[in-house]
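1. Sequence and predicted structure, then a few things I'm wondering about:
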Amino acid sequence: MIDPKSKYIPFQPIGKSDHRWADKVITHPPVWCSVDLRDGNQSLIDPMNVEEKLELFHTLVDIGVKEIEVGFPSASEVEYEFLRALIDGHHIPDDVTIQMLVQARPHLIRKTFEAMDGAKNVILHFYNSTSTLQRKVVFHTDMQGVIDIAVDAAHLIRELSQPILDSGTNLRFEYSPESFMGTEMDNAVEICQCVLEELGATPERKVILNLPSTVENCMPNQFADEIEYFIDKLPSRDCAIISMHPHNDRGEGVATAEMGLLAGAERMEATLFGNGERTGNVDMVTLAMNMYTQGVDPCLDFSDINQIRNVYERVTKMKVGPRQPYVGELVFTAFSGSHQDAINKGVQYMQAHKSNFWEVPYLPIDPADVGRQYEPIIRINSQSGKGGAAFIMQHNFGFDLPKAMHPEFGHIVQHETDVVGTELKPERIYELFRDAYVDISAPYCLLRHSFHESTGDEQGQSRVCFSGTLRHKDTVFEVRGEGNGPIDAFFNAIHGQKMDRFTFVDYKEHAIQSGSDSMAVAYIQLRDGKGKNVFGVGIDHNINLAPLRGIISAINRSVLEK
Ligand code: KIV
Ligand code: ZN
């Protein structure tokens with residue numbers, strides 16, 4: 001690559017020495033304006049048809065967006081038709097304002113006025129380019145020429161507005177000095193002030209001044225300085241609503257938007273998932289959910305993010321990337337074993353402390369808040385540690401494996417991932433668990449059994465008597481024993497048999513729901529004659545029988561291992 005110094009002119013920061021925005025935090029959401037149907041649409045390979053636009057419009061309304069730029073009605077027939085379909089089809093709720101974009105050119109402004117007939121709430125958004133670069137290479141004009149274009153447009157708009165206002169339409173105005181980011185700040189202030197005056201803006205009838213980073217060409221902190229400077233210098237500040245319209249050419253659209261809000265912006269033009277020209281507009285979902293995770297209600301509803309993504313992908317024919325914040329397929333998945341362990345511990349911590357606060361490492365948000373399932377949080381691959389498989393068993397299937405069993409089961413799962421070379425789905429992990437611990441009915445098998453419980457010896461203790469029929473390969477034999485509980489009675493019953501070389505170490509039992517049924521699962525830890533630990537698992541409707549099945553499972557596993 002050639003020396004960039006010889007090719008690229010770096011952005012000139014405005015040299016502001018105080019950065020008041022830097023010490024602030026976001027405490028409330030901006031007024032949101034969606035530009036999906038305009039900036040988002042104009043940048044599609046295959047722009048949306050009227051039906052697709054209508055579906056996206058209704059989705060935006062359901063999310064709670066109250067200002068929606070619906071197009072550029074003077075630019076094409078489809079745009080005009082869509083606007084008429086919206087108005088004539090009564091698709092616009094009373095509390096939603098539609099916004100129409102138009103260049104600061106007289107004949108286009110006139111056509112736009114025709115298109116808004118019958119709408120209840122309208123923002124007329126006009127713009128012209130103001131940056132140093134555009135003046136030099138596109139318009140070949142000085143700043144006064146650019147100011148004249150904006151002021152003449154404002155004059156015409158004010159003139160044409162009266163009949164519309166008289167007809168009862170709530171018509172407001174928005175002006176964008178397009179390519180604001182690359183405009184000298186004093187020039188940007190001057191042109192916006194002239195427009196405010198020409199439109200007769202007052203504190204009661206504010207005009208939206210939309211300050212776009214049409215092409216993102218500076219760092220977010222430099223942009224925040226521009227916004228803070230602009231606001232400080234604007235004479236009629238109280239007659240304006242300061243809006244932003246960040247694009248994402250440097251991949252910093254979200255940061256630019258957030259710092260701009262700190263600097264005093266009050267309104268945000270954005271799109272779902274950051275669709276828009278080139279690298280896109282700023283992503284409304286990320287911005288809103290970033291606020292949400294800081295305890296600030298964004299006043300937008302993304303509680304069913306998959307559904308919103310489905311609509312978006314269908315109508316725009318764009319794809320949401322697998323790592324897109326809050327929505328991508330992989331964003332609630334932890335592959336690393338240490339991450340999985342920490343997530344597991346975070347969830348257990350919250351349960352143990354009955355805490356409502358989300359304190360789970362590696363998951364900045366509860367997936368359930370955006371309607372995502374808890375199950376696919378962890379997938380198991382060869383990089384996963386011992387805790388991951390146990391986590392899946394607990395969260396997907398309700399099996400709370402004792403800690404001592406985690407390494408052994410983790411090893412079984414790890415072995416399988418090495419063999420298949422891909423990640424394992426939860427269902428396969430469950431199968432491995434059943435194969436390894438539950439479905440082992442040979443060489444020993446309990447054919448019949450009965451328990452008899454007698455209460456109250458001299459110490460008030462109950463006694464359990466177990467008798468059963470066992471099979472070992474082709475041999476069937478009867479056993480009988482007594483103890484202070486089912487496990488004790490069983491061990492006493494098999495005393496003298498070959499199974500006798502196992503000693504009981506530990507046991508854990510809990511209920512699991514299987515369909516409408518409740519079952520008991522017992523995890524048994526035994527030690528064989530050589531001191532080696534062996535685990536078994538028994539599942540049964542009968543809570544006395546589940547541990548016995550677990551003991552036989554452990555013995556069978558040990559015998560089969562030899
Ligand atoms: O990016 C931009 O500057 C625009 C304007 C028309 C607001 O889309
Ligand atoms: Zn734009």
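-> Looks like it arrived, so ask away. Numbers count the residues shown, from 1 in each chain. Ligands and ions are numbered 1, 2, ... in the order given.
2. Which positions in the stretch 201-350 of the chain make contact with ligand 1?
-> Applying CB under 6 Å from any ligand atom, we find that the stretch 201-350 of the chain lies next to ligand 1 at Asn210, Pro212, Thr214, His245, His247. Quick note: C-beta positions are derived from backbone N, CA and C, even for glycine.
3. What values do phi and psi take at the third one?
-> Put plainly, it is Thr214. phi -50, psi -40 (degrees, to the nearest 10).
4. For the residue of the stretch 401-550 of the chain found nearest ligand 1, the count of nearby residues, please.
-> Here the residue of the stretch 401-550 of the chain nearest ligand 1 is Glu423; by CB to the nearest ligand atom that distance is 40.8 Å. Look at Glu423: counted by other CB atoms under 10 Å, it has 16 neighbours.
5. my guess is it contacts Ile380, does it?
-> Yes. Contact status for Glu423 versus Ile380: in contact at 6.2 Å, counting by CB atoms under 8 Å.
6. any common contacting residues for these two?
-> Both Glu423 and Ile380 are contacted by Thr417, under the criterion CB atoms under 8 Å, 6 or more residues apart in numbering.
7. Mind telling me which residue of the stretch 301-450 of the chain is nearest ligand 1?
-> Among the residues of the stretch 301-450 of the chain, Thr316 lies nearest to ligand 1; the distance is 17.0 Å by CB to the nearest ligand atom.
8. what sits against that residue?
-> Remark: with contacts taken as CB under 8 Å, 6+ apart, Thr316 is in contact with Gly40, Asn41, Leu44, Met48, Glu52, Leu56, Asn275.
9. Let me know the closest of these to ligand 1.
-> Compare each of the contacts of Thr316 with ligand 1 using CB to the nearest ligand atom and the shortest gap goes to Gly40, at 10.4 Å.
10. for the stretch 301-450 of the chain, what spans make up the helices?
-> 305-316, 337-352, 386-397, 406-420, 426-433 (DSSP state H, counting those that start in this stretch).
11. cool, and the stretch 101-250 of the chain?
-> Counting by DSSP H, counting those that start in this stretch, the stretch 101-250 of the chain forms helices over residues 106-115, 132-134, 143-166, 185-199, 220-233, given from the N-terminal end onward.
12. same for the longest one, what does it pack against?
-> Using 3 or more CB pairs under 8 Å, 6 or more residues apart in numbering; DSSP states H and E as the contact criterion, the neighbours of helix 143-166 among helices and strands are helix 106-115, strand 121-129, strand 170-178, helix 185-199.
13. who touches the last one?
-> Counting by CB under 8 Å, 6+ apart, helix 185-199 makes contact with 14, 130, 143, 146-147, 150-151, 154-155, 157-158, 173, 175, 177, 180, 207, 209, 211, 226, 229-230, 233-236, 239-240, all of which sit outside it.
14. What about the spatially closest residue to Val315 that is not a sequence neighbour, how many residues nearby?
-> For Val315, the nearest residue in space outside its immediate sequence neighbours is Glu52; the separation is 3.9 Å by CB to CB, 6 or more residues apart in numbering. Using other CB under 10 Å, Glu52 has 20 neighbouring residues.
15. and Glu52, what element?
-> When elements are defined using DSSP states H and E, Glu52 is found to belong to helix 50-63.
16. C-alpha coordinates for that helix, CSV please?
-> Coordinates of each C-alpha in helix 50-63 appear next as CSV, following Å, rounded to 0.1, in the frame of the first residue of the first chain:
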residue,chain,number,x,y,z
VAL,A,50,-45.4,-1.1,-1.6
GLU,A,51,-46.5,-4.3,0.3
GLU,A,52,-43.0,-4.8,1.7
LYS,A,53,-42.8,-1.2,2.8
LEU,A,54,-46.2,-1.4,4.4
GLU,A,55,-45.1,-4.5,6.4
LEU,A,56,-42.0,-2.8,7.6
PHE,A,57,-43.9,0.4,8.4
HIS,A,58,-46.3,-1.7,10.7
THR,A,59,-43.3,-3.4,12.3
LEU,A,60,-41.7,0.0,13.1
VAL,A,61,-45.0,1.1,14.6
ASP,A,62,-45.2,-2.0,16.7
ILE,A,63,-41.7,-1.4,18.0
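17. Determine how far it lies from the middle of the whole chain.
-> Its chain's average C-alpha position is 21 Å from that of helix 50-63, according to CA atoms, centre = their mean, to the nearest Å.
18. Now do it: which elements does it pack against?
-> With 3+ CB pairs under 8 Å, 6+ apart as the test, helix 50-63 has strand 67-71, helix 77-88, helix 305-316 packed against it.
19. Could you list the residues in contact with it?
-> By CB under 8 Å, 6+ apart, the list of residues contacting helix 50-63 reads 34, 36-37, 41, 48, 68, 70-71, 78, 81-82, 85-86, 89, 91, 93, 96, 272, 300-302, 308, 311-312, 314-316.
20. Can you select the buried ones among these for me in ChimeraX?
-> Restricted to the buried members of the contacts of helix 50-63, where burial is judged by 16 or more other CB atoms under 10 Å, the ChimeraX selection command reads as follows:
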select :34,36,37,41,48,68,70,71,78,81,82,86,96,272,300,302,308,311,312,315,316
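21. Pretty sure Met100 sits in a strand.
-> Yes. Assignment of Met100 by DSSP: H, G, I helix; E, B strand; the rest coil places it within a strand.
22. follow-up on the earlier one: filter the contacts of helix 185-199 down to just the buried residues.
-> With neighbours counted using 16+ other CB under 10 Å, the contacts of helix 185-199 contain these buried positions: 130, 143, 146-147, 150-151, 154, 157, 173, 175, 177, 180, 207, 209, 211, 226, 229-230, 234, 236, 239-240.
23. where does this protein have low pLDDT?
-> Residues of the chain that meet the criterion pLDDT under 70 lie in 374-379, 381-385, 456-458, 514-516, 562.
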